[in-house]
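Asker: Give the three-dimensional model of this entry:
(one chain, ligands or ions: 1)
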Amino acid sequence: MASMPITLPSSSSVLGSRTLELPTVVSAQFCIRCNRALKVSCNHSCFEVRDVSYRPPGTQINLLNEVNICLPEKSFGLIFGRSGSGKTTLLQLIAGLTKPTSGSIYIQRYDNDGKPNQSPEQLTPERVGIVFQFPERYFITDNVLDEVTFGWPRQRGDLQLKELLASRLQRAIISVGLHGIPLDKDPHSLSGGYKRRLALATQLVQIPNLLILDEPLAGLDWKARADVVKLLKHLKKELTLLVVSHDLRELASLVDHSWKMEMGGVLKEEPLSVQ
Ligand SMILES: Nc1ncnc2c1ncn2[C@@H]1O[C@H](COP(=O)(O)OP(=O)(O)OP(=O)(O)O)[C@@H](O)[C@H]1O
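Answerer: You can find the predicted model right below:
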């Protein structure tokens, strides 16, 4: 992928030699592959999916056909489209749960000129958090603390590690607004919105670079939906989010980049047309 800076009009306020300040107070570069201005100023990275196709082993049908995505860090990407078009299949590939039949998924850093400044880095599963649809169905412990720290070392470890894990836990709990909830509470007794917060916290303790959410608003009442939207807005300041959803209207204000998945696993960039 290649990208290049937008040519500066003479009246622009110049930030360095290659970026400009738009009236909306965002800096921009133009990404050739995305064919659009990126809301980033200079050194930045993008999560990239390049020419990814997927055919389940033993079958003859491609569920995904040469899918391309370029999602700049700390932005919000939305994928929408009809049921059965392949959205969840794509998320599973990006999360590293399945391997693409062809194509690649990686992180690319760019310099001030918008040129790749190093070889692409592999997007390893540890760098990606994924919250599945109806995540509360997969809660497996009987208290909030164990749910968030599931899989952490239980044996007496060194103090530094414990301190590190404790601070991660605190940050995750605070960032999803769970700090008013006792850590010994049964996750199954939480309200719908709080269950979603807990599911997000279980991923945030891993400090992912990219957080993927499959239908984060599904099955919630209006109040919980509004809470989750607010929370996603807050999380967007800290990390990159890629969301699959049918709830376009409610998420529209958060979306920086959007794609429509056509039946047959063909992904097309398409701005949202909701008001
Ligand atoms: N392992 C598999 N083998 C064969 N077909 C599969 C496999 N996994 C998924 N499919 C099919 O691939 C298609 C895409 O499924 P996927 O779950 O990705 O769609 P989706 O767009 O996420 O749908 P929804 O919005 O309903 O969640 C569906 O027709 C599904 O039945």
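Asker: Could you tell me how far the nearest residue to Pro187 once chain neighbours are set aside is located from the ligand?
Answerer: Spatial nearest neighbour of Pro187, excluding adjacent residues (C-beta to C-beta, 6 or more residues apart in numbering): Phe139 at 4.5 Å. Where you see a C-beta, it was placed from the backbone N, CA and C, and this is true even at glycine. Phe139 is 21 Å from the ligand, where distance means C-beta to the nearest ligand atom, to the nearest Å.
Asker: what about the strands in the stretch 101-250 of the chain?
Answerer: 102-110, 121-122, 128-131, 210-214, 240-244 (DSSP state E, counting those that start in this stretch).
Asker: Minimum distance to the ligand: which of those has it?
Answerer: Closest approach to the ligand among those (C-beta to the nearest ligand atom): strand 240-244, 6.5 Å.
Asker: where does the residue nearest to Glu215 when sequence neighbours are not counted fall, phi/psi-wise?
Answerer: Closest residue to Glu215 apart from its sequence neighbours, by C-beta to C-beta, 6+ apart: Gln133 at 4.4 Å. Backbone torsions for Gln133, taken as degrees, to the nearest 10, come to phi -60, psi 140.
Asker: Surely Gln133 and Ala218 touch.
Answerer: Yes. With contacts counted by C-beta atoms under 8 Å, Gln133 reaches Ala218, the gap being 5.8 Å.
Asker: number of nearby residues for Cys70?
Answerer: 22 (other C-beta atoms under 10 Å).
Asker: repeat for Lys237
Answerer: Neighbour number of Lys237 under other C-beta under 10 Å is 8.
Asker: give me every residue that touches it.
Answerer: Lys74 (C-beta atoms under 8 Å, 6 or more residues apart in numbering).
Asker: Could you check how far it is from the ligand?
Answerer: In terms of C-beta to the nearest ligand atom, Lys237 sits 28 Å off from the ligand.
Asker: Number the chain from 55, please
Answerer: Got it, the first residue is 55 from now on, which makes the last one we talked about Lys291.
Asker: Could you pull out the buried residues of the helix or strand containing Leu321?
Answerer: Element membership for Leu321, per DSSP states H and E: strand 320-323. For strand 320-323, burial by neighbour count (16 or more other C-beta atoms under 10 Å) applies to Val320, Leu321.
Asker: next one: stretch 277-285
Answerer: Those buried within stretch 277-285 under the rule 16+ other C-beta under 10 Å are Ala278, Arg279, Asp281, Val282, Val283, Leu285.
Asker: List the contacts of Ile235.
Answerer: Each residue near Ile235 by C-beta under 8 Å, 6+ apart is listed here: Val198, Leu244, Tyr248.
Asker: OK, contacts around the second one?
Answerer: Leu244 sits next to Val198, Ile235, Leu252 when contact means C-beta under 8 Å, 6+ apart.
Asker: which one of the contacts of Ile235 sits closest to Phe130?
Answerer: Tyr248 (22.3 Å; C-beta to C-beta).
Asker: is the closest residue to Phe186 other than its chain neighbours in a bridge, and if so with what?
Answerer: Distances taken as C-beta to C-beta, 6+ apart place Asp268 nearest to Phe186, at 5.4 Å, with adjacent residues excluded. Counting by DSSP bridges, Asp268 forms beta bridges with Val298.
Asker: if I look at the closest residue in space to Arg136 that isn't next to it in sequence, how far off is Glu324?
Answerer: Of all residues not flanking Arg136 in the chain, Met317 sits nearest, at 6.1 Å (C-beta to C-beta, 6+ apart). Using C-beta to C-beta, to the nearest Å, one obtains 14 Å as the distance from Met317 to Glu324.
Asker: Lovely, talk soon.
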